[in-house]
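# Predicted model and sequence follow; I will ask about them next.
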Amino acid sequence: MNFPADLKYTKDHEWIRVDGAVAYVGITDYAQSELGEIVYVDITTEGEVVAREEVFGTIEAVKTVSDLFMPVSGEVIQGNSELDDKPELVNEDVYGNGWLIKISISDPSELDDLLSAAEYEQLIAK
């Protein structure tokens, strides 16, 4: 499993990468491996402000559908439109082209409540 040290993680298995004024959000390598083959990503909140830990969409695998939770409060600027035709990018490149949404963070201090890569690894080892 791969957990890049430059990302922050949630207990719900999302990651966030801050890039200047915006941040990218996706699911972790662990989450995609547990879900299996991703067949559909449904982002229903583009253009909306979503609070931390609220649902911003769903991800569907062959066997299940899972809610996606905001790691921090912010406006969903954009969903990853590449996933419309190629949802398997989440499985193939979970921390790169498989990102789910781009957001504008409302409260950067909420990032301090997220897990480091080492803390996330400890969480899933339990």
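Right, received. Where do you want to start?
# What pLDDT is listed against the residue nearest the centre of the chain?
Geometric centre of the chain, nearest residue: G26, 2.3 Å, by CA atoms, centre = their mean. With respect to pLDDT, G26 scores 97.
# That one is in what secondary structure piece?
strand 22-27 (DSSP states H and E).
# Pairing partners for that strand, with directions?
strand 14-19 (antiparallel), strand 101-105 (antiparallel) (DSSP bridges).
# Ok, which of these comes nearest P71?
strand 14-19 (4.5 Å; CB to CB). For the C-beta atoms, the positions are set from N, CA and C on the backbone; glycine is no exception.
# circling back to that earlier point, and the residue nearest to the centre of the chain, what does it touch?
Listed by CB atoms under 8 Å, 6 or more residues apart in numbering, the contact set of G26 reads 14-15, 90, 94-95, 98-100.
# what does H13 give?
Listed by CB under 8 Å, 6+ apart, the contact set of H13 reads 27-28, 30-31, 34.
# In the residues you listed, which residue is surrounded by the most others?
Neighbour tally across the contacts of H13 (other CB atoms under 10 Å): the maximum, 26 neighbours, falls on I27.
# Could you give the bridge partners of it?
Assessed by DSSP bridges, I27 has beta-bridge partners E14.
# Would you check that my belief about it contacting W15 is correct?
Yes - contact status for I27 versus W15: in contact at 7.2 Å, counting by CB atoms under 8 Å.
# Are there residues contacting both of the two? Which ones?
Here I27 and W15 have no joint contacts, going by CB under 8 Å, 6+ apart.
# Which positions within stretch 14-28 qualify as buried?
For stretch 14-28, a neighbour-count test (16 or more other CB atoms under 10 Å) marks 14-16, 18, 23-28 as buried.
# All set, thanks.
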